[in-house]
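**Q** Need a 3D model of the following:
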Amino acid sequence: MSQSYKELLEQRVALEKAIEQARQNEIAGAVAKARALVAEFGLTAQDVFPGRGAKAGKPTGKVAPKYRDAATGQTWTGRGKAPKWIDGKDRSQFMIG
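**A** Model (predicted):
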C-alpha cells in the first residue's frame, strides 16, 4: 500500500527532527571530549587554533599620519573616510614630509 503525500511530509518532518536531535547529541559529545583533552593537557586557545585571535603575526599600534592641514594642524593617516578638510582636494598639497 502506498503512502499519501501528506503522510510522507509528516514522516519527513519527524525525520528532520530526529536528525537535528542526533546532531545535537553528537556535538555535545564532541565538545565534552575536546574540553576533557584541553583540561588534561593544559592547552590554550592558541595551542588549539594557532593564528586566530588578535590578528596573529600582524603588528599592532597606531599608524603615522600622512596628511596635515596647515591651517588647523589636524592630521589624517590616509585610512578610512577622508576628513572634510581634505575630501575632494588634491592630497599632495597636504602630504607630510
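**Q** average pLDDT across stretch 62-77?
**A** The average of the pLDDT scores along stretch 62-77 is 90.
**Q** Quick check: end-to-end length of it?
**A** End-to-end distance for stretch 62-77, by Cα to Cα, to the nearest Å: 9 Å.
**Q** Of all the residues in that stretch, which ones are buried?
**A** For stretch 62-77, the neighbour count (16 or more other Cβ atoms under 10 Å) marks 67-68, 76 as buried. Any C-beta I mention is one placed from the backbone N, CA and C, and that applies to glycine too.
**Q** Kindly report the same for stretch 38-52.
**A** Within stretch 38-52, judged by 16+ other Cβ under 10 Å, no residue is buried.
**Q** repeat for stretch 84-94
**A** For stretch 84-94, by 16+ other Cβ under 10 Å, it's 86, 94.
**Q** quick thing: my sequence starts at 50, can you match it?
**A** That works, and once the first residue is 50, the last one we named lands at stretch 133-143.
**Q** got the end-to-end distance for that stretch?
**A** OK, stretch 133-143 end separation, Cα to Cα: 13 Å.
**Q** After the lengthiest helix in the chain, which helix or strand is next?
**A** Scanning the chain for the longest helix, with DSSP state H as the assignment, gives helix 54-90. Scanning forward in sequence from helix 54-90 by DSSP states H and E, the next helix or strand is helix 94-97.
**Q** Which is the succeeding secondary structure element to that following helix?
**A** Next along the chain from helix 94-97, counting by DSSP H and E, comes strand 116-117.
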